[in-house]
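Quick check, what structure comes out for this input:
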Amino acid sequence: MESKIEILSTVKIQHSPDLYKIVDVLNRTLKQKDLMFGLALDKEDQNTAIFSIYRT
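Next up, the predicted model:
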């Protein structure tokens with residue numbers, strides 16, 4: 001069985017120390033809807049975060 005992950009949306013936003021809390025609650029709440037959320041720091045600008053929404 002293969003699992004295919006599709007990127008639905010990606011946005012760059014200003015980094016904040018509490019952003020991970022939003023991603024965590026979204027992942028816990030919407031896992032049943034086959035949605036997954038990710039957060040990463042921009043490699044070129046450590047003050048920018050990249051927020052992504054995936055369909056699993």
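
On the pLDDT front, check Leu35 for me.
Leu35 carries a pLDDT score of 97 in this model.

distance of Lys4 from Gly38?
Here the distance between Lys4 and Gly38 works out to 16 Å (CB to CB, to the nearest Å). Using the backbone N, CA and C atoms, a C-beta is placed for each residue, glycine as well.

now do Lys21
14 Å.

Just want to know which of those two has more residues nearby.
Gly38 (15 against 10; other CB atoms under 10 Å).

so after whichever strand or helix holds that one, what's the next helix or strand?
If you go by DSSP states H and E, Gly38 is part of strand 35-41. Per DSSP H and E, the first helix or strand lying C-terminal to strand 35-41 is strand 48-55.

can you pull up the bridge partners for the most centrally placed residue in the chain?
In the chain, the residue lying closest to the centroid (CA atoms, centre = their mean) is Gly38, at 2.0 Å. Going by DSSP bridges, Gly38 is paired in beta bridges with Ser52.

pLDDT value on it, please?
98.

And the one 10 residues further on, by the same measure?
As predicted, Thr48 sits at a pLDDT of 97.

pretty sure it is in contact with Ser16, am I right?
No: with contact defined as CB atoms under 8 Å, Thr48 and Ser16 do not form a contacting pair (10.9 Å).

Tell me which of these two has more neighbours.
Between Thr48 and Ser16, counted using other CB under 10 Å, the more crowded position is Thr48 (14 against 11).

Give me the nearest residue to that one, chain neighbours excluded.
Asp42 (4.0 Å; CB to CB, 6 or more residues apart in numbering).

what about the one you found, how many neighbours?
Count around Asp42 with other CB under 10 Å applied: 13.

ok, so what distance separates it from Arg55?
From Asp42 across to Arg55, the span is 23 Å (CB to CB).

in stretch 11-23, what's buried?
Using 16 or more other CB atoms under 10 Å as the test for burial, stretch 11-23 gives Val23.

what's in contact with that stretch?
Stretch 11-23 has contacts (CB atoms under 8 Å, 6 or more residues apart in numbering) with Phe37, Gly38, Leu39, Leu41, Asp42, Gln46, Asn47, Thr48, Ala49, Ile50, Phe51.
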